[in-house]
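*Asks:* with the input below, show me the fold.
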Amino acid sequence: MELLINDRRYQVAGEPDRMLLWILRDELDLTGSKYGCGEGQCGACTVLIDGIPSRSCITPLSALAGRKITTIEGLARNGELHPVQAAFIDNDSMQCGFCTAGMILASVSLLSKRPDPVEAEIRQALEGNVCRCGTYPRIVAAVRMAARRIAAKNANGGRHA
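*Replies:* Residues are numbered from 1 along each chain as shown. Model prediction:
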């Protein structure tokens, strides 16, 4: 089966019920998505499928034909971090880093739909992602910072403010 991951096509073989997480990690060496609970509850394995946060640990290969998959490895462009990635660094929003990829991808999805979310919207968008270190306030601050940076960049015609 052909998969479109991070704007690149991959041929993968496997049973239709094989989970995306294991294809990403074991076959394609895209290890940013983590195995957490294995039940789709913690968000450590989150990827974007057609722009929607999805749990790769419970997404079978059979559900992926013709879908666009984005992992944390696919966010940076031309050597430049995505604004959400940069804001996470600037706000010290990660400690152990286990939840980071899932939090960032869920935030990217949110900002693509709601460019200027209020705190309650950010918290709601991230509520399925567990941060064992408890850096939630810094994560929310990072999402707000990224929203401001994206708005400023868009106001300047795509150039940095």
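*Asks:* please report how far the residue nearest the centre of the chain lies from Lys34.
*Replies:* In the chain, the residue lying closest to the centroid (CA atoms, centre = their mean) is Leu105, at 1.8 Å. Applying CB to CB, to the nearest Å, the value for Leu105 to Lys34 is 12 Å. Placement of C-beta: from N, CA and C, glycine included.
*Asks:* Gly134 too?
*Replies:* 17 Å.
*Asks:* so between the two, which is more surrounded?
*Replies:* Neighbour totals were compared for Gly134 and Lys34, and Lys34 leads with 21 against 10 (other CB atoms under 10 Å).
*Asks:* so where does the closest residue in space to the more buried one that isn't next to it in sequence fall, helix or strand?
*Replies:* In space, and not counting its chain neighbours, Lys34 is closest to Ala44: 4.0 Å by CB to CB, 6 or more residues apart in numbering. Under DSSP states H and E, no helix or strand contains Ala44.
*Asks:* surely Ala44 touches Gly36?
*Replies:* Yes - at 3.4 Å, Ala44 counts as touching Gly36 under the criterion of CB atoms under 8 Å.
*Asks:* what does the domain assignment say about this structure?
*Replies:* 2-74, 83-155 (automatic domain parsing).
*Asks:* how about those domains in CSV, adding mean pLDDT?
*Replies:* Shown next, in CSV, are the domains of the chain (pLDDT from 0 to 100):
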stretch, mean pLDDT
domain 2-74, 97
domain 83-155, 96
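*Asks:* residues near Gln11, how many?
*Replies:* So Gln11, with other CB under 10 Å, has 7 neighbours.
*Asks:* quick one: contacts for it?
*Replies:* 1-2 (CB atoms under 8 Å, 6 or more residues apart in numbering).
*Asks:* can you list the buried residues in the helix or strand where Glu121 lies?
*Replies:* Element membership for Glu121, per DSSP H and E: helix 119-126. In terms of neighbour count (16 or more other CB atoms under 10 Å), helix 119-126 has its buried residues at 122, 125-126.
*Asks:* with stretch 3-20 instead?
*Replies:* For stretch 3-20, the neighbour count (16+ other CB under 10 Å) marks 3, 5-6, 10, 12, 18-20 as buried.
*Asks:* counting by contacts, list what the lengthiest helix in the chain packs against.
*Replies:* Assignment by DSSP state H gives helix 136-155 as the longest helix of the chain. Helices and strands touching helix 136-155, by 3 or more CB pairs under 8 Å, 6 or more residues apart in numbering; DSSP states H and E, are helix 83-90, helix 100-113, helix 119-126.
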